[in-house]
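> Give me a model of this one.
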Amino acid sequence: MENLNQTSVRRFILLGLTSVPGLKAVFFLVFLLMYVVTLSGNLLLIIAVRLNPRFHTPMYFFLCNLSFIDICFSTNITPKILENTLSKDTSITLLGCAIQLYFHLALGATECLILAAMAYDRYNAICKPLQYATIMNQNICVSLAVGCWTQCFSLSIIHVVFAFQLPFCKSNHVSHFFCEMPPILRLSCKDPWVNQVALYVCCAIFTLCTFFFIFLSYVHIFSKILKIRHNKGHHKAFSTCASHLTVVMLYYGTIIYMYLRPQSSYSPDRDRVVSVFYTVVSPMLNPIIYSVRNKDIKGTIQNKIQLIVYLL
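Now for the predicted structure:
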């Protein structure tokens, strides 16, 4: 009898974004530009927060966590896209695939929890301003961040280990541009229903539950804002929350579509487009969204850039 625990393939072939030669050069330039913008934008935001004492608050602490996640998230995916776009050899080892999948799951789940922590911070700042300093003290913020990172990186190990216990004997061609759980599970010649159920449950917890928590937080926030009599107070409060809501809708919309829809609706071409949004586009846009609506961050970044240019 064939041992189903024996993995037949030793390398996966990533089919990438396109097989059209003319488009490969275009995709390479576009993704290289987006990667550079992602790194520079998030690094500048982190540096601006660290250098300006006015930004040493819970909101900017979690924002730095988000920027660091975006740097790691994009770095885990984009360099491999760039390499495979120009290379004839688009293979990846099982170990390399497992590592990429692990960091993808861990960082994606951590971002969900950090976004929820940011919503909790905004709720306390607007709805409980007198108790805010006590509720969101430094120890609480650090504990929340450490809890988010530890929990997500620990749980992701379980998913990856069990996924790579499956026998991959159908094919070694992954209809994707990186190792992501849904297309990997489809290559197994053993029914991966246990893995799929576990993935659905975890995704429901990390996406639907956190999204519902964020939604309830903003129901209370907007209820409080509408009670503010001064228009100036309205504008300031809405401006504070608008950036976070924009990031939440962009990220959660694509994640929920990718991981919580029926398997029967699988479409390789459409799934690749959706994955590009939350793996490449979202990490690039997040620092831009937060910076555009924040005059203090824009001013700090501009001053530092001008200082660097002057020194050069």
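> In terms of helices and strands, where is I77?
I77 is part of helix 58-86 when elements are defined by DSSP states H and E.
> following that helix, which helix or strand comes up?
strand 91-93.
> could you give the mean pLDDT of that following strand?
Across strand 91-93, the average pLDDT comes to 92.
> counting contacts, what elements does that strand pack onto?
If you count contacts as 3 or more Cβ pairs under 8 Å, 6 or more residues apart in numbering; DSSP states H and E, strand 91-93 packs onto strand 11-14. C-beta coordinates here come from the backbone N, C-alpha and C atoms, glycine included.
> helices or strands next to the strand it packs on in the packing?
Judged by 3+ Cβ pairs under 8 Å, 6+ apart, strand 11-14 is in contact with strand 91-93, helix 94-127, strand 173-174.
> could you dump these to CSV with mean neighbour count and distance to F62?
Shown next, in CSV, are the helices and strands packed on strand 11-14 (neighbours: other Cβ atoms under 10 Å; distance: least, Cβ to Cβ, whole Å):
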stretch, mean neighbour count, distance to F62
strand 91-93, 16, 33
helix 94-127, 21, 5
strand 173-174, 20, 34
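> Hmm, N172 and R11 touching each other?
Yes. Between R11 and N172 there is a contact at 6.4 Å, judged by Cβ atoms under 8 Å.
> With neighbour numbers in mind, choose between the two.
Higher neighbour count among R11 and N172: N172, with 16 against 13, using other Cβ atoms under 10 Å.
> so who does that one touch?
V9, R11, F12, I13, L187 (Cβ atoms under 8 Å, 6 or more residues apart in numbering).
> Please work out which helix or strand belonging to the chain has the smallest mean pLDDT.
Least confident helix or strand, the chain: helix 295-311 with a mean of 66, by mean pLDDT, DSSP states H and E.
> What residues of stretch 37-51 count as buried?
Neighbour-count burial for stretch 37-51, counted by 16 or more other Cβ atoms under 10 Å, picks out V37, T38, L39, G41, N42, L44, L45, I46, A48, V49.
> My guess is the last one contacts N65. True?
No. Checked against Cβ under 8 Å, the pair V49 and N65 is beyond contact range at 10.6 Å.
> Show me which of the buried residues of stretch 37-51 has the smallest pLDDT value.
When these are sorted by pLDDT, the bottom entry is A48 at 85.
> For D191, grab the count of nearby residues.
Neighbour count for D191, taken as other Cβ under 10 Å: 10.
> which residues touch it?
Counted by Cβ under 8 Å, 6+ apart, D191 has zero contacts.
> Helix, strand, or coil at it?
Following DSSP: H, G, I helix; E, B strand; the rest coil, D191 is assigned to coil.
> Phi, psi for it please.
Dihedral pair for D191: phi -60, psi 120, per degrees, to the nearest 10.
> Please read off the pLDDT at the residue most central in space within the chain from the model.
Geometric centre of the chain, nearest residue: G108, 4.4 Å, by Cα atoms, centre = their mean. Here the pLDDT value assigned to G108 is 94.
> Distance check, it against L199.
12 Å (Cβ to Cβ, to the nearest Å).
> which regions of the stretch 151-300 of the chain lie under the pLDDT threshold?
Counting by pLDDT under 70, the stretch 151-300 of the chain contains low-confidence residues at 228-240, 264, 292-296, 298-300.
> in it, which spans are helices?
181-185, 193-203, 210-225, 231-259, 268-276, 282-292, 295-311 (DSSP state H, counting those that start in this stretch).
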